[in-house]
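Trainee: sequence first, predicted model second:
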Amino acid sequence: TPLYEKGKLIFNYHRAKDAARKSGRAILCEGAMDVLGLEKADLHEGIACLGTAFTGDQLQLIERLKVPVHVWYDNDRAGKKAAYTFGKAAMGRGIPFSIVSNDGAKDPDEVFGQFGAQEVRRIADHTISFVEFLFQYLPDQYNLDNYEDKKAFAQEMNHAIVNTADEFERAGYFSRLKDLTGFDFSSVNASPVQERINKREPRRPAYIPKVQDGRQKAEWIILSSILYSKQFSLRFKEEIGFFKDELYRQLSLYIYDLYRLKDSIDADELFAHIEEEDVRNLLASLVSSNEEPGEELFEDSLWKIKECTISEQIDKINEQIRILRDPVQKVTLAKTKSVLIEERNKIRNRKEG
């Protein structure tokens with residue numbers, strides 16, 4: 001109807017978008033009851049496509065959330081196929097996502113009914129990468145005893161590894177793929193930048209970022225941005241000035257030092273200046289990711305950090321209010337909190353606008 005077109009809407013999107021941005025993820029389910037099961041478990045970032053098909057309009061809505069997606073579909077044949085279909089579409093749009101590993105083959109509402117809220121939350125956090133999912137799913141879709149099928153399988157796996165896996169993950173995935181098929185894609189996909197890094201530091205382990213919350217993901221994008229742009233570096237210093245992550249802060253100081261002398265940064269020259277091994281590993285990961293964020297992504301990340309900083313201040317005030325006994329002090333803190341909430345709402349409204 002003119003009022004309701006299923007393929008252009010996502011169930012619970014209008015309620016879940018703020019919760020998704022706050023939690024740093026969205027949980028994508030198949031149906032409305034799945035979302036209600038998440039709500040019962042106090043997970044408010046659940047959304048549903050109301051079926052297994054997924055349209056471009058729905059993908060665009062998810063893309064606008066700017067958070068990773070946890071795909072919690074049923075563990076039956078239809079659910080796995082739906083997860084596969086969504087994964088290929090999301091991969092094509094550059095949407096970060098992972099697959100909920102649900103061995104029990106139950107949806108959120110069933111899990112809540114049988115095992116309670118804690119089990120729903122545990123499963124929602126228990127995810128695997130899309131590549132790992134494909135290693136489990138695709139062998140049943142191809143005949144690996146047939147050369148052409150095995151080749152097609154290997155090519156599809158290679159495409160997913162290149163487009164979704166981090167640099168430090170790829171070596172292990174390519175090794176598994178070679179063991180399974182005999183095809184070795186590792187040398188084919190070595191980038192010129194990575195070859196220089198490997199040649200320069202053959203034994204350096206890759207930096208593995210911690211599980212990224214909303215702020216840390218934003219800081220990673222900002223760090224990538226200032227590495228490629230002096231203009232971004234100056235803006236970040238002026239508007240925020242510091243990274244919460246200690247390693248990011250250390251690397252940023254090296255970057256600022258070079259920008260005092262130059263208008264652009266050469267990665268090899270920056271490597272030569274850095275003494276700490278873990279900071280060098282972080283730089284290696286940034287360079288290997290081949291990311292050069294644009295103006296819009298930098299801007300969004302800047303506002304995300306501002307929002308997170310205010311949220312942290314609000315959390316601290318809430319804790320102070322909780323332990324204080326003096327009602328006058330509580331009122332004073334409550335007024336400060338009200339001002340901060342208003343500032344945070346302005347940021348969120350600005351981002352949505």
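Mentor: Right, received. Where do you want to start?

Trainee: who's in contact with stretch 121-132?
Mentor: 27, 38, 41-43, 70, 72, 87, 91, 97-102, 104, 108, 111, 157, 160-161, 164-165, 169, 173 (C-beta atoms under 8 Å, 6 or more residues apart in numbering). For every residue, glycine as well, the C-beta is placed using N, CA and C.

Trainee: run the chain-centre distance for that stretch.
Mentor: Offset of stretch 121-132 from its chain centre (C-alpha atoms, centre = their mean, to the nearest Å): 13 Å.

Trainee: closest to the centroid, which residue in this structure?
Mentor: residue 68 (4.0 Å; C-alpha atoms, centre = their mean).

Trainee: circling back: could I have the buried ones of the contacts of stretch 121-132 as ChimeraX selection syntax?
Mentor: In ChimeraX, this line selects whichever of those come out buried by 16 or more other C-beta atoms under 10 Å:
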select :27,38,41,43,70,72,87,91,97,98,99,100,102,108,111,157,160,161,164,165,169,173
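
Trainee: for the residue nearest to the residue nearest to the centre of the chain when sequence neighbours are not counted, what are phi and psi?
Mentor: Nearest residue to residue 68 in three dimensions, chain neighbours excluded: residue 96, at 4.2 Å (C-beta to C-beta, 6 or more residues apart in numbering). Per-residue torsions, residue 96: phi -70, psi 140 (degrees, to the nearest 10).

Trainee: count of neighbours near residue 96?
Mentor: 15 (other C-beta atoms under 10 Å).

Trainee: tell me who's in contact with it.
Mentor: With contacts taken as C-beta under 8 Å, 6+ apart, residue 96 has the following neighbours: 67-69.

Trainee: and those, which is the shakiest by pLDDT?
Mentor: The member of the contacts of residue 96 with the lowest pLDDT is residue 67, and it reads 89.

Trainee: which of the three states applies to that residue?
Mentor: Put simply, residue 67 is coil when judged by DSSP: H, G, I helix; E, B strand; the rest coil.

Trainee: how far away is it from residue 166?
Mentor: Distance of residue 67 to residue 166, computed by C-beta to C-beta, to the nearest Å: 18 Å.

Trainee: show me which of these two is the more surrounded one.
Mentor: residue 67 (22 against 14).

Trainee: thought that one was touching residue 19?
Mentor: No - contact between residue 67 and residue 19 fails when scored by C-beta atoms under 8 Å: they sit 10.0 Å apart.

Trainee: pLDDT averaged over the host helix or strand of residue 215, what's the number?
Mentor: Here residue 215 sits within helix 214-228, counting by DSSP states H and E. Taken as a whole, helix 214-228 has an average pLDDT of 87.

Trainee: can you show me the CA trace of that helix as PDB?
Mentor: C-alpha atoms of helix 214-228 as PDB (Å, rounded to 0.1, in the frame of the first residue of the first chain):
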ATOM      1  CA  GLY A 214      31.600   2.400  19.200                       C
ATOM      2  CA  ARG A 215      34.200   4.800  20.300                       C
ATOM      3  CA  GLN A 216      37.200   2.600  19.500                       C
ATOM      4  CA  LYS A 217      35.900   2.000  16.000                       C
ATOM      5  CA  ALA A 218      35.600   5.800  15.600                       C
ATOM      6  CA  GLU A 219      39.100   6.300  16.900                       C
ATOM      7  CA  TRP A 220      40.500   3.700  14.500                       C
ATOM      8  CA  ILE A 221      38.800   5.600  11.600                       C
ATOM      9  CA  ILE A 222      40.200   8.900  12.900                       C
ATOM     10  CA  LEU A 223      43.700   7.500  13.300                       C
ATOM     11  CA  SER A 224      43.500   6.200   9.700                       C
ATOM     12  CA  SER A 225      42.300   9.600   8.600                       C
ATOM     13  CA  ILE A 226      45.100  11.600  10.200                       C
ATOM     14  CA  LEU A 227      47.700   9.200   8.900                       C
ATOM     15  CA  TYR A 228      46.600  10.200   5.300                       C
END
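
Trainee: quick one: list the elements packing against that helix.
Mentor: Applying 3 or more C-beta pairs under 8 Å, 6 or more residues apart in numbering; DSSP states H and E, we find helix 214-228 packed against helix 13-23, helix 230-239, helix 246-259, helix 277-288, helix 295-323.

Trainee: list the buried ones in the longest one?
Mentor: Within helix 295-323, the residues that qualify as buried are 297-298, 301-311, 314, 317, counting by 16+ other C-beta under 10 Å.

Trainee: identify the residue spatially nearest to residue 55, adjacent ones excluded.
Mentor: residue 7 is the one closest to residue 55 (C-beta to C-beta, 6+ apart), at 4.1 Å.

Trainee: can you get me a residue count around the one you found?
Mentor: When counting by other C-beta under 10 Å, one arrives at 13 neighbours for residue 7.

Trainee: phi first, then psi, for it.
Mentor: Per degrees, to the nearest 10, the backbone of residue 7 is at phi -70, psi -10.
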